[in-house]
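**Q** Pasting the sequence and the predicted model now:
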Amino acid sequence: MSRHKLSRDERKAIWNAMNRRCAYCGERIELENMCIDHVRPLALGGRDTPDNMVCACWHCNQHKANKTVEEFRSELQRGPVMLFRESCTYRTMLRYNQVNETRRRIVFYFEKKDRERHVSKQQRKRRHRPYF
Ligand SMILES: [Zn+2]
């Protein structure tokens with residue numbers, strides 16, 4: 001399958017749309033180092049078009065690979081359980097309160113970003129609401 005070769009301008013548009021951050025972990029990334037991730041993997045029938053693409057850091061791109069967003073989240077959520085099972089150092093660090101496990105649901109940067117935009121839109125509306 002031949003992949004859509006993005007122009008520099010298309011890459012830059014995807015990067016700017018994500019505030020120049022990794023769509024998953026939210027780390028700042030440079031245009032030159034960013035990876036393009038297909039949100040719905042090509043292997044699972046995702047489109048090879050910019051509307052199915054986000055920018056990601058190398059680490060997140062490697063971990064997500066051919067997973068859906070929910071599969072990726074679920075794998076990350078299992079991280080502490082796997083560490084507990086496989087790492088004596090991790091279990092020791094837990095005993096000495098050197099690790100703070102939150103077990104909170106992982107929210108990806110692109111999800112927070114969309115939520116913040118929604119909230120600020122509501123705040124703007126509120127600000128322009130006339131007083132009665
Ligand atoms: Zn990342």
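**A** Here it is on my side, so go on.
**Q** Confirm residue 16 sits in a strand?
**A** No - with DSSP: H, G, I helix; E, B strand; the rest coil as the criterion, residue 16 is located in helix rather than a strand.
**Q** Next, count neighbours for it.
**A** 11 (other Cβ atoms under 10 Å). Glycine gets a C-beta too; all of them are placed from N, C-alpha and C.
**Q** same deal with the one 3 residues further on?
**A** As a burial measure, the neighbour count of residue 19 was computed by other Cβ under 10 Å and equals 13.
**Q** Please name the residues that touch residue 69.
**A** With contacts defined as Cβ atoms under 8 Å, 6 or more residues apart in numbering, the neighbours of residue 69 are 39, 108.
**Q** Next one: it relative to the ion, how far apart?
**A** Residue 69 sits 13 Å away from the ion, taking Cβ to the ion, to the nearest Å as the criterion.
**Q** One more: residue 13?
**A** When distance is defined by Cβ to the ion, residue 13 is 19 Å away from the ion.
**Q** Downstream of the helix or strand hosting that residue, the next helix or strand is which one?
**A** With elements delineated by DSSP states H and E, residue 13 resides in helix 8-17, which encompasses its position. Scanning forward in sequence from helix 8-17, with DSSP H and E defining helices and strands, the next element found is strand 35-38.
**Q** Contacts (any at all) between the ion and the following helix or strand past that following strand?
**A** In the C-terminal direction, the helix or strand that comes right after strand 35-38 (DSSP H and E) is strand 53-56. No - counting by Cβ under 5 Å from the ion, the ion is not contacted by strand 53-56; separation bottoms out at 5.5 Å.
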